[in-house]
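Undergrad: Need the 3D shape of this:
(one chain, ligands or ions: 1)
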Amino acid sequence: MSILENINSSADIKKLSPSELEALGEELRRFEIESIARTGGHLASNLGTVELTLALHRVYDTAKDRILFDVGHQCYTHKIITGRRDAFHTLRQRGGISGFPKPNEAADDAFIAGHASASISAAIGMARARTLQNADYDVVAVIGDGALTGGLAYEGLCNAAASGEPIVIILNDNNMSISENVGGTARLLQSLRIKPGYINFKKWFRSVSTHTRWVYDFVHRTKERLKAWILPSNVFSDMGLYYLGPVDGHNLEQLENAIRLARELKRPVLLHVLTQKGKGCPYAEAHPDKYHGVGAFDPLTGELAPAGLSFSDRMGEYLCRFAEHDSRIVAITAAMAGGTGTECFAGKFPDRFFDVGIAEGHAVTMAAAMAKQGLLPVFAVYSSFLQRSFDMLIHDVALLKLHVVFCVDRAGLVGSDGETHQGLFDICYLGAVPGMTVLCPASFAELHNMLDYALHSVAGPVAVRYPRGGEGIYTDCNMHAESIIQEGTDLSIVCYGTMINEVLAAAEKLAVQGISAEVIKLGIVFPNEYELCLASLRKTGRLLVAEEVCAAGCIGQRILAACAVKDLPLKAVKLLNLGDGIIPHGTVQELRHDYGIDADEIVRSSAELCGRDLVVET
Ligand SMILES: Cc1ncc(C[n+]2csc(CCOP(=O)(O)OP(=O)(O)O)c2C)c(N)n1
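TA: Numbering: from 1, shown residues only. Okay, the predicted model is just below:
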């Protein structure tokens, strides 16, 4: 019988002998590889943290103690051993368990996660709540060296050190972000990694000195002096954190001892743990970047299911073409070169490519300054991560009307990563940035021409927004702010981006039902007076706007406002969008269906707007 079968809580982990614990680690690895091979998910990061997670559950009890996994993509072992083993085959599937920590999925998940560098702030918040409420639980943040490149992590570290609150910050250092980690943080950790093991020395000191108080005090003072003498100071201890490590993150005994010691110190401690991304799986160890986040694959060979050509790939390719003829163009990524398709730019123009780490706010301000000095910066970034930079968009880019190009990737539903990663707010927040032009290509051909337009014909800030994945049946190129894709008389259906595919499919079905829809596609959503839409509405009097964004600030609202300003009466209106924008995981198609923005819902709503019953096909 397997050991894993009987593990459902931290308490179960504590009952295991050291050899059983080792065996459980191996079992978990096999289980995770086989399961992720079917569902897709974050493979390499989870394989690297199996022992760390077991050691944490050895020391803490997540029924009461709060473990905050930064980003949360490495929480699979935690989920499996806290009652979600049998549901693990539903990971990232519609209705199944999430790939990130979710307090509403299980009480063992302390906090929401998905965006990097937030765990220390959350930990200090919980520690302060504990103090004020006189409660008794431990708080631990687990943060990777990649996530430590984010500015928010430093705000957390500084505040944690100043607070004096007992919290343990575990730095899971695998020398990798998604790609190789970059910048000063990477260099700092490199120097700490080669320091001799300090933990054993500390453990020995503690064991000989805890018997008598005065001996302890004397030894503690001497130890602090010795520590200062033996160890070069590091940025963490200089900040006021108690630095421990580095510890072998795959040695269960060492890990457990170090975590216990960190906990006993009852102050803000940073425990530096060295792990290997992809540990125990040859192909993931060899290519941790490729196996960071994967779709389905062959668990024996690691061969990944083929993926079609995406908007990201195309964007990278087109940008390289434009950059060959324009030496002002520079490309920026915040640790997402692979995901945003800018790796090819990095290869071709290494001097003009900047990976700033997980630092979206910094990237935007840096881009603004580059533009101010005459460069043409292009920041390729996922829609949900650009949320981090809202202030910089207004303060650093918009106030000076600087020409920065934002390639806003993963705009719209992203699918299996779920609510933290859906790109549903950018139309709302980009629409609030003064002077921002927002272009929405619906095909690769439009992406090419709109990127060209953004680079060479727009003066101020400009965003080109496109979805995850590739183009659909619509492959035309309509570059206008508004284009009539199909003429009609009964109602006007407005959309932009790849939603055109749902709308055209719906228009075809509506025609069969004898409903004539005029289809208008917006190429530029801001600035736009929506004059063609208004002209169409004067004819049809009925408006349906289908959008893959949250309701607040959506284009439907803008068109309605334009109708009100122009005193244009409407007979019927339907705005199809994603409401408050909190949409869980599932495939994009499932989610479009569940949340009522797919072709079938457009058909149903259109018929309703026209006061017509749908004839059911037999
Ligand atoms: C704000 C933000 N930007 C980008 C990402 C995408 N992202 C997810 S994991 C990751 C790398 C994290 O590296 P690290 O913390 O070292 O964890 P590892 O996967 O190496 O264990 C990145 C860039 C994110 N989740 N949040």
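Undergrad: Would you mind checking which helix or strand in the chain has the lowest mean pLDDT?
TA: helix 199-209 (a mean of 52; mean pLDDT, DSSP states H and E).
Undergrad: Could you pull up the residues touching the closest residue to Arg130 other than its chain neighbours?
TA: Nearest residue to Arg130, sequence neighbours excluded (Cβ to Cβ, 6 or more residues apart in numbering): Tyr137, at 6.1 Å. The C-beta positions use only the backbone N, C-alpha and C, and glycine is treated the same way. Contacts of Tyr137 were listed using Cβ atoms under 8 Å, 6 or more residues apart in numbering, and they are 64-66, 130.
Undergrad: packing partners for the host helix or strand of Leu532?
TA: Here Leu532 sits within helix 531-540, counting by DSSP states H and E. Applying 3 or more Cβ pairs under 8 Å, 6 or more residues apart in numbering; DSSP states H and E, we find helix 531-540 packed against strand 482-486, strand 491-496, strand 517-522, helix 555-565.
Undergrad: make it 10 Å
TA: Helix 531-540 sits against strand 482-486, strand 491-496, strand 517-522, strand 542-546, helix 555-565, with contacts defined as 3 or more Cβ pairs under 10 Å, 6 or more residues apart in numbering; DSSP states H and E.
Undergrad: Export the ones you listed as TSV, with columns for mean neighbour count, distance to Leu534 and mean pLDDT.
TA: TSV is the format used below for those (neighbours: other Cβ atoms under 10 Å; distance: least, Cβ to Cβ, whole Å; pLDDT from 0 to 100):
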stretch	mean neighbour count	distance to Leu534	mean pLDDT
strand 482-486	18	10	98
strand 491-496	28	9	98
strand 517-522	26	10	98
strand 542-546	25	10	98
helix 555-565	18	6	98
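Undergrad: Redo those as a markdown table? Include distance to Leu241.
TA: Putting these into a markdown table (distance: least, Cβ to Cβ, whole Å) gives the following:
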| stretch | distance to Leu241 |
| --- | --- |
| strand 482-486 | 56 |
| strand 491-496 | 48 |
| strand 517-522 | 51 |
| strand 542-546 | 51 |
| helix 555-565 | 47 |
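Undergrad: Take these and write them to JSON lines, including distance to the ligand.
TA: Shown next, in JSON lines, are those (distance: least, Cβ to the nearest ligand atom, whole Å):
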{"stretch": "strand 482-486", "distance to the ligand": "34"}
{"stretch": "strand 491-496", "distance to the ligand": "25"}
{"stretch": "strand 517-522", "distance to the ligand": "28"}
{"stretch": "strand 542-546", "distance to the ligand": "29"}
{"stretch": "helix 555-565", "distance to the ligand": "26"}
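Undergrad: So Pro569 versus Arg542, what's the distance?
TA: 11 Å (Cβ to Cβ, to the nearest Å).
Undergrad: what's the answer for Lys279, then?
TA: To Arg542, Lys279 is 59 Å away according to Cβ to Cβ.
Undergrad: Identify the residues contacting the nearest residue to Ser9 once chain neighbours are set aside.
TA: Excluding the flanking residues, the one nearest Ser9 by Cβ to Cβ, 6+ apart is Thr82, at 6.1 Å. Counting by Cβ atoms under 10 Å, 6 or more residues apart in numbering, Thr82 makes contact with 7-10, 12-13, 53, 57, 62-63, 75, 106-109.
Undergrad: Could you say which helix or strand holds the residue of the stretch 201-350 of the chain found nearest the ligand?
TA: Nearest residue of the stretch 201-350 of the chain to the ligand: Ala335, at 3.8 Å (Cβ to the nearest ligand atom). Of the helices and strands defined by DSSP H and E, none includes Ala335.
Undergrad: Test my guess that it contacts Leu148.
TA: No: look at Ala335 against Leu148 with Cβ atoms under 10 Å: they stay out of range, at 11.4 Å.
Undergrad: Common neighbours of the two, please.
TA: 116, 177, 181, 357-358.
Undergrad: tell me the two of the residues you listed that are most distant?
TA: Ala116 and Asn181 (12.0 Å; Cβ to Cβ).
Undergrad: So between those two, which is more surrounded?
TA: Ala116 (28 against 25; other Cβ atoms under 10 Å).
Undergrad: And the pLDDT at that one?
TA: Ala116 is assigned 98 on the pLDDT scale.
Undergrad: does it count as helix, strand or coil?
TA: What DSSP: H, G, I helix; E, B strand; the rest coil gives for Ala116 is coil.
Undergrad: Which one of the residues in the stretch 151-300 of the chain is closest to the ligand?
TA: For the stretch 151-300 of the chain, Cβ to the nearest ligand atom, closest residue to the ligand: Ser177, 4.1 Å.
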